[in-house]
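**Student:** Sequence plus predicted model, see below.
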Amino acid sequence: MNQQRRYDAVAIWLHWLVALLVLAQFATGWVWGFFERGSEPRFYLFRTHITLGSAILALALARIGWRLTHRAPPLPEGMSRLQRIAAHAGHGLLYLAILAQPALGLLAISAFGKTLGRWPRDAHNVAAKLILAVVMLHVAAVIWHQFVRKDGLLARMLPARFAANTR
Ligand code: HEM
Ligand code: HEM
(Lines give C-alpha, C1' and ligand atoms only; values in the text may rest on other atoms or scores of the structure.)
(Ligands and ions follow the chains in the order given, each with its own letter.)
Protein backbone atom coordinates (compact mmCIF):
# COMPACT_ATOMS: atom_id res chain seq x y z
CA MET A 1 0.00 0.00 0.00
CA ASN A 2 1.15 3.53 -0.75
CA GLN A 3 2.85 4.97 2.35
CA GLN A 4 0.91 8.25 2.19
CA ARG A 5 -2.38 6.36 2.35
CA ARG A 6 -1.63 5.21 5.91
CA TYR A 7 -1.39 6.95 9.25
CA ASP A 8 2.18 7.19 10.54
CA ALA A 9 3.38 4.99 13.41
CA VAL A 10 3.10 7.70 16.08
CA ALA A 11 -0.50 8.53 15.10
CA ILE A 12 -1.35 4.81 15.09
CA TRP A 13 0.11 4.04 18.53
CA LEU A 14 -1.37 7.17 20.07
CA HIS A 15 -4.79 6.27 18.62
CA TRP A 16 -4.83 2.75 20.07
CA LEU A 17 -3.32 3.72 23.40
CA VAL A 18 -5.93 6.46 23.89
CA ALA A 19 -8.74 4.14 22.66
CA LEU A 20 -7.69 1.51 25.22
CA LEU A 21 -7.53 4.08 28.02
CA VAL A 22 -10.96 5.49 27.07
CA LEU A 23 -12.45 1.98 27.32
CA ALA A 24 -10.82 1.62 30.75
CA GLN A 25 -12.48 4.92 31.75
CA PHE A 26 -15.95 3.55 30.95
CA ALA A 27 -15.16 0.34 32.82
CA THR A 28 -13.84 2.06 35.95
CA GLY A 29 -16.44 4.91 35.88
CA TRP A 30 -19.37 2.52 35.69
CA VAL A 31 -18.07 -0.33 37.85
CA TRP A 32 -17.09 1.47 41.05
CA GLY A 33 -20.80 2.16 41.76
CA PHE A 34 -21.28 -1.57 42.42
CA PHE A 35 -18.98 -1.41 45.43
CA GLU A 36 -19.89 0.08 48.77
CA ARG A 37 -18.82 3.59 49.64
CA GLY A 38 -15.51 3.54 51.50
CA SER A 39 -14.66 0.02 50.28
CA GLU A 40 -11.22 -0.76 48.92
CA PRO A 41 -12.23 -1.77 45.35
CA ARG A 42 -14.27 1.41 44.96
CA PHE A 43 -11.34 3.55 46.12
CA TYR A 44 -8.94 1.66 43.83
CA LEU A 45 -11.23 2.00 40.78
CA PHE A 46 -11.73 5.70 41.46
CA ARG A 47 -7.98 6.29 41.77
CA THR A 48 -7.36 4.35 38.57
CA HIS A 49 -10.02 6.45 36.81
CA ILE A 50 -8.35 9.68 37.83
CA THR A 51 -4.84 8.50 36.93
CA LEU A 52 -5.78 7.06 33.52
CA GLY A 53 -8.05 10.02 32.79
CA SER A 54 -5.17 12.44 33.44
CA ALA A 55 -2.95 10.33 31.15
CA ILE A 56 -5.63 10.68 28.44
CA LEU A 57 -5.49 14.47 28.75
CA ALA A 58 -1.68 14.46 28.32
CA LEU A 59 -1.85 12.00 25.40
CA ALA A 60 -4.68 14.00 23.79
CA LEU A 61 -2.50 17.12 23.80
CA ALA A 62 0.40 15.13 22.29
CA ARG A 63 -1.94 13.61 19.73
CA ILE A 64 -3.45 16.90 18.64
CA GLY A 65 0.02 18.45 18.44
CA TRP A 66 1.16 15.55 16.27
CA ARG A 67 -1.96 15.75 14.08
CA LEU A 68 -1.48 19.48 13.45
CA THR A 69 2.12 18.96 12.33
CA HIS A 70 1.71 15.69 10.38
CA ARG A 71 -0.62 15.07 7.47
CA ALA A 72 -3.38 12.46 7.86
CA PRO A 73 -4.08 10.29 4.81
CA PRO A 74 -6.98 11.56 2.65
CA LEU A 75 -10.32 9.76 3.13
CA PRO A 76 -10.91 6.82 0.77
CA GLU A 77 -12.08 7.76 -2.71
CA GLY A 78 -15.76 7.64 -3.66
CA MET A 79 -17.18 8.80 -0.32
CA SER A 80 -20.05 11.28 -0.72
CA ARG A 81 -19.84 14.86 0.54
CA LEU A 82 -22.13 13.99 3.43
CA GLN A 83 -20.03 10.98 4.41
CA ARG A 84 -16.89 13.13 4.39
CA ILE A 85 -18.53 15.77 6.57
CA ALA A 86 -19.74 13.04 8.97
CA ALA A 87 -16.24 11.51 9.15
CA HIS A 88 -14.55 14.85 9.89
CA ALA A 89 -17.24 15.89 12.37
CA GLY A 90 -17.01 12.53 14.16
CA HIS A 91 -13.23 12.70 14.44
CA GLY A 92 -13.48 16.32 15.64
CA LEU A 93 -15.93 15.29 18.35
CA LEU A 94 -13.65 12.46 19.47
CA TYR A 95 -10.69 14.86 19.79
CA LEU A 96 -12.92 17.26 21.72
CA ALA A 97 -14.03 14.39 23.97
CA ILE A 98 -10.52 13.37 25.00
CA LEU A 99 -9.74 16.99 25.90
CA ALA A 100 -12.98 18.17 27.49
CA GLN A 101 -13.94 15.04 29.44
CA PRO A 102 -10.72 14.86 31.51
CA ALA A 103 -10.93 18.64 32.01
CA LEU A 104 -14.47 18.27 33.40
CA GLY A 105 -13.32 15.34 35.56
CA LEU A 106 -10.45 17.39 36.99
CA LEU A 107 -12.81 20.30 37.62
CA ALA A 108 -15.25 17.93 39.30
CA ILE A 109 -12.75 16.60 41.82
CA SER A 110 -11.34 20.02 42.54
CA ALA A 111 -14.75 21.67 42.79
CA PHE A 112 -16.57 19.26 45.09
CA GLY A 113 -18.38 21.38 47.66
CA LYS A 114 -16.62 24.50 46.42
CA THR A 115 -17.66 27.47 44.31
CA LEU A 116 -18.32 25.65 41.03
CA GLY A 117 -20.90 23.35 42.61
CA ARG A 118 -22.15 20.23 40.89
CA TRP A 119 -22.19 21.25 37.24
CA PRO A 120 -18.76 19.90 36.22
CA ARG A 121 -19.71 16.56 37.74
CA ASP A 122 -23.14 16.47 36.06
CA ALA A 123 -21.64 17.57 32.75
CA HIS A 124 -18.99 14.83 33.05
CA ASN A 125 -21.67 12.17 33.59
CA VAL A 126 -23.84 13.38 30.69
CA ALA A 127 -20.78 13.71 28.42
CA ALA A 128 -19.78 10.10 29.25
CA LYS A 129 -23.00 8.87 27.60
CA LEU A 130 -22.60 11.16 24.60
CA ILE A 131 -18.99 10.03 24.14
CA LEU A 132 -20.03 6.39 24.29
CA ALA A 133 -22.60 7.08 21.53
CA VAL A 134 -19.98 8.80 19.32
CA VAL A 135 -17.46 5.98 19.91
CA MET A 136 -20.12 3.41 18.94
CA LEU A 137 -20.89 5.34 15.74
CA HIS A 138 -17.12 5.52 15.10
CA VAL A 139 -16.74 1.75 15.43
CA ALA A 140 -19.90 1.17 13.33
CA ALA A 141 -18.39 3.36 10.60
CA VAL A 142 -15.16 1.32 10.69
CA ILE A 143 -17.18 -1.93 10.39
CA TRP A 144 -19.13 -0.45 7.45
CA HIS A 145 -15.88 0.51 5.70
CA GLN A 146 -14.35 -2.87 6.40
CA PHE A 147 -17.19 -5.19 5.44
CA VAL A 148 -19.53 -3.17 3.19
CA ARG A 149 -17.28 -0.75 1.33
CA LYS A 150 -14.23 -3.02 1.66
CA ASP A 151 -11.92 -0.03 1.18
CA GLY A 152 -9.18 -1.10 3.60
CA LEU A 153 -9.82 1.80 6.00
CA LEU A 154 -9.01 -0.20 9.14
CA ALA A 155 -5.60 -1.17 7.73
CA ARG A 156 -4.64 2.53 7.54
CA MET A 157 -4.85 2.75 11.33
CA LEU A 158 -3.10 -0.59 12.09
CA PRO A 159 0.65 -1.18 12.48
CA ALA A 160 2.00 -2.45 9.15
CA ARG A 161 2.53 -6.03 10.35
CA PHE A 162 -1.17 -6.38 11.36
CA ALA A 163 -2.50 -4.37 8.45
CA ALA A 164 -1.63 -7.03 5.87
CA ASN A 165 -3.98 -9.56 7.55
CA THR A 166 -7.07 -7.36 7.42
CA ARG A 167 -7.20 -6.74 3.68
C1 HEM B 1 -11.73 10.61 28.62
C2 HEM B 1 -11.63 10.52 29.93
C3 HEM B 1 -12.76 10.10 30.84
C4 HEM B 1 -13.89 9.35 30.59
C5 HEM B 1 -14.34 8.69 29.28
C6 HEM B 1 -14.63 9.28 31.84
C7 HEM B 1 -15.81 8.56 32.01
C8 HEM B 1 -16.54 8.52 33.19
C9 HEM B 1 -17.72 7.73 33.41
C10 HEM B 1 -18.34 6.76 32.41
C11 HEM B 1 -18.18 8.00 34.66
C12 HEM B 1 -19.44 7.44 35.33
C13 HEM B 1 -20.59 8.35 34.98
C14 HEM B 1 -21.91 7.92 35.61
O15 HEM B 1 -21.95 7.75 36.83
O16 HEM B 1 -22.87 7.77 34.84
C17 HEM B 1 -17.28 8.96 35.25
C18 HEM B 1 -17.41 9.50 36.51
C19 HEM B 1 -16.48 10.31 37.12
N20 HEM B 1 -15.26 10.70 36.59
FE21 HEM B 1 -14.61 10.33 34.70
N22 HEM B 1 -13.95 9.99 32.81
C23 HEM B 1 -12.80 10.50 32.23
C24 HEM B 1 -11.82 11.24 32.87
C25 HEM B 1 -11.87 11.64 34.20
C26 HEM B 1 -10.84 12.39 34.92
C27 HEM B 1 -9.51 12.86 34.34
C28 HEM B 1 -11.29 12.60 36.18
C29 HEM B 1 -10.65 13.30 37.35
C30 HEM B 1 -9.48 13.74 37.44
C31 HEM B 1 -12.60 12.01 36.29
C32 HEM B 1 -13.39 12.07 37.42
C33 HEM B 1 -14.64 11.50 37.54
C34 HEM B 1 -15.47 11.63 38.71
C35 HEM B 1 -15.15 12.41 39.97
C36 HEM B 1 -16.63 10.88 38.44
C37 HEM B 1 -17.81 10.68 39.40
C38 HEM B 1 -18.83 11.74 39.14
C39 HEM B 1 -20.00 11.54 40.08
O40 HEM B 1 -19.77 11.60 41.27
O41 HEM B 1 -21.10 11.31 39.64
N42 HEM B 1 -12.92 11.43 35.06
N43 HEM B 1 -16.28 9.26 34.33
C1 HEM C 1 -12.29 -0.43 18.96
C2 HEM C 1 -12.43 0.85 18.81
C3 HEM C 1 -11.90 1.68 17.67
C4 HEM C 1 -11.63 1.35 16.36
C5 HEM C 1 -11.83 -0.01 15.68
C6 HEM C 1 -11.11 2.55 15.72
C7 HEM C 1 -10.68 2.63 14.40
C8 HEM C 1 -10.25 3.76 13.75
C9 HEM C 1 -9.80 3.83 12.38
C10 HEM C 1 -9.72 2.64 11.43
C11 HEM C 1 -9.49 5.11 12.10
C12 HEM C 1 -8.94 5.66 10.78
C13 HEM C 1 -9.99 6.40 10.01
C14 HEM C 1 -9.43 6.84 8.67
O15 HEM C 1 -8.64 6.10 8.08
O16 HEM C 1 -9.78 7.94 8.20
C17 HEM C 1 -9.74 5.90 13.30
C18 HEM C 1 -9.54 7.26 13.41
C19 HEM C 1 -9.77 7.98 14.57
N20 HEM C 1 -10.16 7.46 15.80
FE21 HEM C 1 -10.63 5.53 16.20
N22 HEM C 1 -11.11 3.58 16.62
C23 HEM C 1 -11.58 3.09 17.83
C24 HEM C 1 -11.74 3.79 19.00
C25 HEM C 1 -11.49 5.14 19.14
C26 HEM C 1 -11.67 5.88 20.37
C27 HEM C 1 -12.15 5.30 21.70
C28 HEM C 1 -11.31 7.18 20.09
C29 HEM C 1 -11.27 8.38 21.00
C30 HEM C 1 -12.06 8.67 21.93
C31 HEM C 1 -10.94 7.25 18.69
C32 HEM C 1 -10.57 8.41 18.03
C33 HEM C 1 -10.24 8.51 16.69
C34 HEM C 1 -9.92 9.75 16.01
C35 HEM C 1 -9.90 11.14 16.65
C36 HEM C 1 -9.61 9.42 14.68
C37 HEM C 1 -9.22 10.39 13.57
C38 HEM C 1 -7.72 10.41 13.39
C39 HEM C 1 -7.31 11.57 12.51
O40 HEM C 1 -7.61 11.60 11.32
O41 HEM C 1 -6.66 12.47 13.06
N42 HEM C 1 -11.06 6.00 18.14
N43 HEM C 1 -10.20 5.05 14.30
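**Tutor:** Nice, I can see it. Small disclaimer: the values here were computed from a predicted structure and weren't measured. Ligands and ions are numbered 1, 2, ... in the order given.
**Student:** so, in contact with ligand 2 or not, the helix or strand bottoming out on mean pLDDT in the chain?
**Tutor:** Least confident helix or strand of the chain, by mean pLDDT, DSSP states H and E, is helix 160-166 with a mean of 82. No. For helix 160-166, no contact with ligand 2 is found by CB under 6 Å from any ligand atom; the gap never falls below 9.6 Å. Using the backbone N, CA and C atoms, a C-beta is placed for each residue, glycine as well.
**Student:** Ligand 2 contacts on the protein?
**Tutor:** So far as CB under 6 Å from any ligand atom goes, the chain lies against ligand 2 at 15, 18-19, 22, 67, 72, 75, 91, 94-95, 97-98, 135, 138-139, 142, 153-154, 156-157.
**Student:** List only those of these flagged as buried.
**Tutor:** Buried subset of the residues of the chain next to ligand 2 (neighbour count, 16 or more other CB atoms under 10 Å): 15, 18-19, 22, 67, 94, 97-98, 135, 153-154, 156-157.
**Student:** for ligand 1, what are the nearby residues on the chain?
**Tutor:** With CB under 6 Å from any ligand atom as the criterion, the chain meets ligand 1 at residues 22, 25-26, 29-30, 49-50, 53-54, 56, 98, 101-102, 105-106, 108-109, 121, 124-125, 128, 131.
**Student:** Where does the most centrally placed residue in the chain sit: helix, strand or coil?
**Tutor:** The residue lying closest to the centre of the chain (CA atoms, centre = their mean) is Ala19, at 4.8 Å. Using DSSP: H, G, I helix; E, B strand; the rest coil, the structure places Ala19 in helix.
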